[in-house]
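K.L.:
Below is the structure, and that's it, no one-letter string:
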């Protein structure tokens with residue numbers, strides 16, 4: 001199993017096409033080769049002229065935990081090239097930074113979810129490359145959540161840094177494939193190439209997207225393991241609520257809870273409302289106490305989502321529906337619960353965070369409507385999912 005970076009480093013012909021050119025790298029801590037050498041070190045060792053580095057949200061070094069924590073530009077202490085932050089004073093590459101290279105290599109481990117901002121950073125880099133006549137290569141990596149598609153389509157007018165375009169929450173594509181779709185959808189005139197993986201089998205057990213022989217390295221501070229990557233298309237919605245998503249614990253975005261709910265009762269209510277949406281995983285009630293962030297220092301009752309082990313069924317697991325069901329259960333058990341968090345989310349100040357996350361108000365309206373049935377949300381999402389599966393088909397490489 002070889003990722004794009006592994007193929008590039010091992011292929012003199014591919015490297016030869018970059019020799020004599022100024023090369024930029026867009027990377028983060030999970031940008032490593034099979035032997036865990038960081039891609040920057042590997043590219044320099046291969047003799048390439050790496051003239052600039054770009055970092056996405058959380059930075060090249062992955063040192064910033066939360067959302068809306070910005071990284072500065074700096075000079076790489078080892079090699080001396082400029083490191084430009086795409087989550088600092090700017091989100092889009094500046095004209096100044098675009099003049100530092102001829103071709104940019106994008107080597108980002110993604111999670112397969114629309115809201116994960118590396119997807120949007122890919123689009124912004126493609127748009128800047130089109131404007132400045134630069135070439136873009138994506139060194140492809142696995143989608144650890146695999147091929148399944150789930151969620152409502154982002155609505156027109158709801159684009160944001162966590163919603164680059166009209167796709168469902170769980171898109172089931174690699175970054176290389178997504179780049180090709182962006183170019184087609186937004187009609188970009190840019191020279192684009194994907195260095196494909198070798199041996200990726202997204203439907204194969206036990207990884208179902210993530211090759212078990214490869215070491216998992218957090219692509220962002222709270223993306224601790226494959227279980228998180230599988231659950232994330234649902235648990236990320238917790239960022240728009242008053243419920244804890246587990247920041248301040250060692251298993252963030254694999255759980256939800258609060259001091260004033262009963263996790264065991266929530267699981268029972270979820271199974272009563274829509275038992276089919278709890279399939280494919282194991283739900284465990286438990287207690288936790290965040291050391292920072294929401295409900296810091298308070299004992300919380302919660303639900304842990306185990307999309308792993310003998311109880312995991314890749315085809316049956318629906319994390320977006322599962323988390324929506326968790327909200328619906330809390331609303332049924334505690335009708336007046338102050339569920340939706342009202343605060344600026346990824347620099348959107350006028351819309352509720354839960355709606356920004358979902359690319360529209362549909363999920364929140366369904367949760368808050370006591371008369372709304374699971375079938376109502378399922379019908380809307382199923383139509384969007386079917387449309388996306390058809391749309392993405394010609395861009396799939398594997």
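P.N.:
Looks like it came in fine. The shown structure was predicted, so the numbers you read here are calculated from the model rather than taken from an experiment.
K.L.:
residues in contact with stretch 192-205?
P.N.:
Contact with stretch 192-205 is made by 1-5, 7-8, 14, 126, 135-143, 146-147, 174, 176-177, 179-180, 183, 207-209, 211, 314, 397-398, as judged by C-beta atoms under 8 Å, 6 or more residues apart in numbering. C-beta: built from backbone N, CA, C; applies to glycine.
K.L.:
cool, and stretch 283-302?
P.N.:
By C-beta under 8 Å, 6+ apart, stretch 283-302 touches 66, 242-249, 255-259, 261-264, 266-267, 270, 303-306.
K.L.:
Rounded mean pLDDT for it, please.
P.N.:
Averaged across stretch 283-302, pLDDT comes to 97.
K.L.:
same deal with stretch 336-353?
P.N.:
89.
K.L.:
ok now it, how far from the chain's centre?
P.N.:
Relative to its chain's centre, stretch 336-353 lies at 20 Å (C-alpha atoms, centre = their mean, to the nearest Å).
K.L.:
Now do the end-to-end distance for that stretch.
P.N.:
Distance between the two ends of stretch 336-353: 19 Å, counting by C-alpha to C-alpha, to the nearest Å.
K.L.:
Break down this structure into its strands, ranges please.
P.N.:
22-27, 49-55, 74-75, 82-85, 103-107, 135-139, 191-195, 255-258, 282-288, 300-306 (DSSP state E).
K.L.:
JSON lines for those strands, including mean neighbour count and distance to residue 230?
P.N.:
Below are the strands of the chain laid out as JSON lines (neighbours: other C-beta atoms under 10 Å; distance: least, C-beta to C-beta, whole Å):
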{"stretch": "strand 22-27", "mean neighbour count": "24", "distance to residue 230": "24"}
{"stretch": "strand 49-55", "mean neighbour count": "21", "distance to residue 230": "26"}
{"stretch": "strand 74-75", "mean neighbour count": "13", "distance to residue 230": "34"}
{"stretch": "strand 82-85", "mean neighbour count": "21", "distance to residue 230": "29"}
{"stretch": "strand 103-107", "mean neighbour count": "26", "distance to residue 230": "22"}
{"stretch": "strand 135-139", "mean neighbour count": "24", "distance to residue 230": "23"}
{"stretch": "strand 191-195", "mean neighbour count": "17", "distance to residue 230": "24"}
{"stretch": "strand 255-258", "mean neighbour count": "26", "distance to residue 230": "13"}
{"stretch": "strand 282-288", "mean neighbour count": "16", "distance to residue 230": "12"}
{"stretch": "strand 300-306", "mean neighbour count": "22", "distance to residue 230": "9"}
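K.L.:
Which among these is found nearest to residue 229?
P.N.:
Relative to residue 229, the nearest member of those by C-beta to C-beta is strand 300-306, separated by 12.0 Å.
K.L.:
Next, the angle from the closest one to strand 282-288.
P.N.:
150 degrees (axes from the mean of the first three to the mean of the last three C-alpha atoms, to 10 degrees).
K.L.:
Partner strands of strand 300-306, with direction?
P.N.:
If you go by DSSP bridges, strand 300-306 pairs up with strand 255-258 (antiparallel), strand 282-288 (antiparallel).
K.L.:
Out of those strands, which gets nearest to residue 370?
P.N.:
That would be strand 255-258 among the strands paired with strand 300-306, by C-beta to C-beta, at 20.7 Å.
K.L.:
and that closest one, what's its mean pLDDT?
P.N.:
On average, strand 255-258 scores 98.
K.L.:
Need the contact partners of it.
P.N.:
235, 238, 242-246, 249, 263, 286, 288, 294-295, 300-305, 323, 326.
K.L.:
which residue ranges form the helices in the chain?
P.N.:
4-10, 12-16, 39-45, 95-98, 118-132, 175-185, 226-235, 263-273, 319-333, 353-358, 362-368, 374-392 (DSSP state H).
K.L.:
Quick one: list the elements packing against the third one.
P.N.:
Helices and strands touching helix 39-45, as assessed by 3 or more C-beta pairs under 8 Å, 6 or more residues apart in numbering; DSSP states H and E, comprise helix 4-10, strand 22-27, strand 49-55, strand 103-107.
K.L.:
How much space separates residue 57 from residue 150?
P.N.:
Separation of residue 57 from residue 150 (C-beta to C-beta, to the nearest Å): 23 Å.
K.L.:
Is residue 47 in contact with residue 12, as I believe?
P.N.:
No - using C-beta atoms under 8 Å, residue 47 is not in contact with residue 12, being 10.3 Å away.
K.L.:
between these two, what contacts are shared?
P.N.:
What both residue 47 and residue 12 touch, as defined by C-beta under 8 Å, 6+ apart, is an empty set.
K.L.:
returning to that earlier point: among the strands paired with strand 300-306, which is nearest residue 86?
P.N.:
The nearest among the strands paired with strand 300-306, by C-beta to C-beta, is strand 255-258 at 29.6 Å.
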